[in-house]
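A.B. asks: Sequence and predicted structure below; questions after.
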Amino acid sequence: MPSSQILSLPGMADVTGGSFERSAKIVDALGAYYARRGYAPINTPIVEDAELFVRKSGGELSGMLYTFDDPGGNRVSLRPEFTPSVIRHYIEHASEFGAPTRLSYSGPVFRYHSLDDGDLRQFTQVGTELIGLAGSDADAEILSIACGGLGELGLSGWTIRIGDTGLLNRVLDAHGLSDATKGFVFAHLDELKAASTSVDRLVALAGEMGLIRAQGEDDLAPVATENGEEATRRFVRDMLSDSVSSPVGRRTTDQIVERLLRKLRRADSPDRLASALSLVADLSKVSGAPDEALPVVEEILRAHDTDPASIDGLRALFDVLPGRRAPLSNVVLDLSFVPGIAYYTGIVFEISCDGDEGPVTVGGGGRYDGLVRALGGEDVPAMGFALRIDRVVDTMASRTE
């Protein structure tokens, strides 16, 4: 009696025949193009220390990891992307690299996500990383290489959607919000854009999560800021002694005071959060050609008493791009666009092409200036992107049928 058949795993696909040949040719063509642009190829291990992909990638990507203990007891993961591995290599061999460093890569990555949309859990990425160079010229270089590679393949009809997590972070920093509260705002960006929730509701939700102070606690915040913790401690203790004759429950007056001070130290102002949410809600609705969208962004910033110089980086980028094989006619500025990877710190983008059933996202990337330091290196700026070869192949095949 024959043994039961072993099938391929869900989300995994064999690549054969014409698809294999097309994929190989595209990978080779892109690698050759990146080399002509000064990017040296690198190959990194498929299996890495799991911490490499967890430390700065954020919850969305962390939840897609194939993670396990190897026979030696090491906690390892299959790479879900190349960037952390390339940066790890750069840090380990920093003395061998000049400034800036330009590296390219290609190979399989693995992400355990839902199969509802028919997506693959293993696919090939090809991309580049530019390490040690900041500013609009560096941003434009990566964007031009991403788009130029598609041009080398003869693939037209693409659109670049550009966001700016740096702008949003600067706006939230100006409101004095903590990293946890900023993460809360980013998590609800789509709802703010769609107006499916209100600022008041999000402020209430932040209160339920302990991210902001309650009203009475917020009134005490100026006292703590102006007078210091010890003076605030005495002030609260005097207030409690006037209103509470005995300890509340099992807590002493000193315990109540210390608990309140801890909350004041870690929580944000509800008024500042409401102001930030209102501004971000307006910014998230901006989407259009750069020459039309930037004046709207500036108007919104001025209306919210925010320095319009916050968009100087975007202005500089859009001034440079037309001469870098990335015409502005293909560019959409969309300030609601925030990728699910948490390490991005500035310009972010995705590239989509027209497919049989609508636009298909074939790649994307962005600036991640804090990642090198977070992984143990120096404070070095960096930016990169990756293309998904399976989607590029499918898009090109659909246009030849």
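C.D. replies: Received the coordinates, thanks.
A.B. asks: SS state for Ala276?
C.D. replies: Classification of Ala276 using DSSP: H, G, I helix; E, B strand; the rest coil returns helix.
A.B. asks: repeat for Ala281
C.D. replies: Assigned with three-state DSSP, Ala281 falls in the helix class.
A.B. asks: All further residue positions should be reported with the first residue as 412.
C.D. replies: With the count now opening at 412, the last piece we talked about shows up as Ala692.
A.B. asks: for it, what are its contacts?
C.D. replies: By CB atoms under 8 Å, 6 or more residues apart in numbering, the contact set of Ala692 is Leu603, Lys604, Ala606, Val610. Where you see a C-beta, it was placed from the backbone N, CA and C, and this is true even at glycine.
A.B. asks: Now do the same for it: its pLDDT.
C.D. replies: Looking at Ala692, its pLDDT reads 94.
A.B. asks: in the stretch 462-611 of the chain, which spans are helices?
C.D. replies: All helices of the stretch 462-611 of the chain, identified by DSSP state H, counting those that start in this stretch, fall at 470-473, 494-503, 547-563, 576-585, 590-598, 600-605, 610-619.
A.B. asks: got the angle for the fifth one vs helix 576-585?
C.D. replies: Same thing as helix 590-598. With axes from the mean of the first three to the mean of the last three CA atoms, to 10 degrees applied, the angle from helix 590-598 to helix 576-585 works out at 130 degrees.
A.B. asks: Please name every helix or strand in contact with helix 590-598.
C.D. replies: Other elements packing on helix 590-598 under the criterion 3 or more CB pairs under 8 Å, 6 or more residues apart in numbering; DSSP states H and E are helix 576-585, helix 610-619, helix 681-695.
A.B. asks: to the chain's geometric centre, what's the distance from it?
C.D. replies: From the chain centre to the centre of helix 590-598 is a distance of 12 Å (CA atoms, centre = their mean, to the nearest Å).
A.B. asks: Ok, the shortest one next?
C.D. replies: For helix 470-473, the distance between its averaged C-alpha position and the chain's averaged C-alpha position is 11 Å (CA atoms, centre = their mean).
A.B. asks: Near Asp481, how many residues? Count them for me, please.
C.D. replies: Applying other CB atoms under 10 Å, we find 9 residues neighbouring Asp481.
A.B. asks: Quick one: the helices of the stretch 462-611 of the chain as JSON lines, columns for mean pLDDT and mean neighbour count too.
C.D. replies: Putting these into JSON lines (pLDDT from 0 to 100; neighbours: other CB atoms under 10 Å) gives the following:
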{"stretch": "helix 470-473", "mean pLDDT": "76", "mean neighbour count": "16"}
{"stretch": "helix 494-503", "mean pLDDT": "97", "mean neighbour count": "21"}
{"stretch": "helix 547-563", "mean pLDDT": "95", "mean neighbour count": "21"}
{"stretch": "helix 576-585", "mean pLDDT": "92", "mean neighbour count": "19"}
{"stretch": "helix 590-598", "mean pLDDT": "89", "mean neighbour count": "18"}
{"stretch": "helix 600-605", "mean pLDDT": "89", "mean neighbour count": "17"}
{"stretch": "helix 610-619", "mean pLDDT": "91", "mean neighbour count": "15"}
